[in-house]
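Asks: with the sequence up front, the predicted model follows.
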Amino acid sequence: QVQLVESGGGLVQAGDSLRLSCAASGRTFSNYPMGWFRQPPGKERDFVAYISWSGGSTYYADSVKGRFTISRDNAKNTVYLEMNSLTPEDTAVYYCAARGSWRSLEVKTTPVSYDYWGQGTQVTVSS
């Protein structure tokens, strides 16, 4: 079992930056791929970014490529999402998620592919 707790959300203005954190506990965090998703009001949960278990491979949704950076510190059991040049379209609840596949290298972008979820953190970007 893996427990995930996100933090770092808030209200910012367009063009600002935020860094989200996701602290993991339970299973050996360093062996599992992680992802960030987001869910705007009234919409479905969408993929944002993926990072492999080692941190050596990342993948991004087109909408955030070049602006967001996913990273992880396995010594601290934490995954991060650095978000720059934020726009109102980035407003959503942001969730981190972990796959239960030990050291899998498959890039997964659908919510059903992830087994563990945090409670989410709200990011609101004003224009």
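Replies: In hand now; what should we look at?
Asks: report how many residues lie close to Gln39.
Replies: 15 (other Cβ atoms under 10 Å). C-beta here means a position set from N, CA and C on the backbone, and glycine is covered the same way.
Asks: which residues does it bridge with?
Replies: Val93 (DSSP bridges).
Asks: so it sits against Arg45, correct?
Replies: Yes: between Gln39 and Arg45 there is a contact at 4.2 Å, judged by Cβ atoms under 8 Å.
Asks: which neighbours do those two share?
Replies: Common contact partners of Gln39 and Arg45 (Cβ atoms under 8 Å, 6 or more residues apart in numbering): Tyr95.
Asks: distance from stretch 51-70 to the middle of the chain?
Replies: 9 Å (Cα atoms, centre = their mean, to the nearest Å).
Asks: what sits up against that stretch?
Replies: With Cβ under 8 Å, 6+ apart as the criterion, stretch 51-70 contacts 30-36, 46-50, 71-72, 74, 79-86, 89-90, 103-105, 107, 109.
Asks: rerun at 6 Å
Replies: Contact with stretch 51-70 is made by 31-34, 47-50, 72, 81-85, 103, 107, as judged by Cβ atoms under 6 Å, 6 or more residues apart in numbering.
Asks: and which of the residues you listed is nearest Gly118?
Replies: Met34 (10.5 Å; Cβ to Cβ).
Asks: can you name the residues that contact that closest one?
Replies: Ile51, Val79, Ala98.
Asks: inside helices: which ones of those?
Replies: Among those, the subset assigned to helices under DSSP state H is empty.
Asks: could you find the lowest-pLDDT member of the residues you listed?
Replies: Within the contacts of Met34, Ala98 has the lowest pLDDT, namely 94.
Asks: ok, for that residue, nearest residue in space, not its chain neighbours?
Replies: Tyr116 (4.3 Å; Cβ to Cβ, 6 or more residues apart in numbering).
Asks: now tabulate the contacts of Met34 in JSON lines and tack on distance to Ser25 and neighbour count.
Replies: Putting these into JSON lines (distance: Cβ to Cβ, whole Å; neighbours: other Cβ atoms under 10 Å) gives the following:
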{"residue": "Ile51", "distance to Ser25": "18", "neighbour count": "22"}
{"residue": "Val79", "distance to Ser25": "13", "neighbour count": "28"}
{"residue": "Ala98", "distance to Ser25": "11", "neighbour count": "24"}
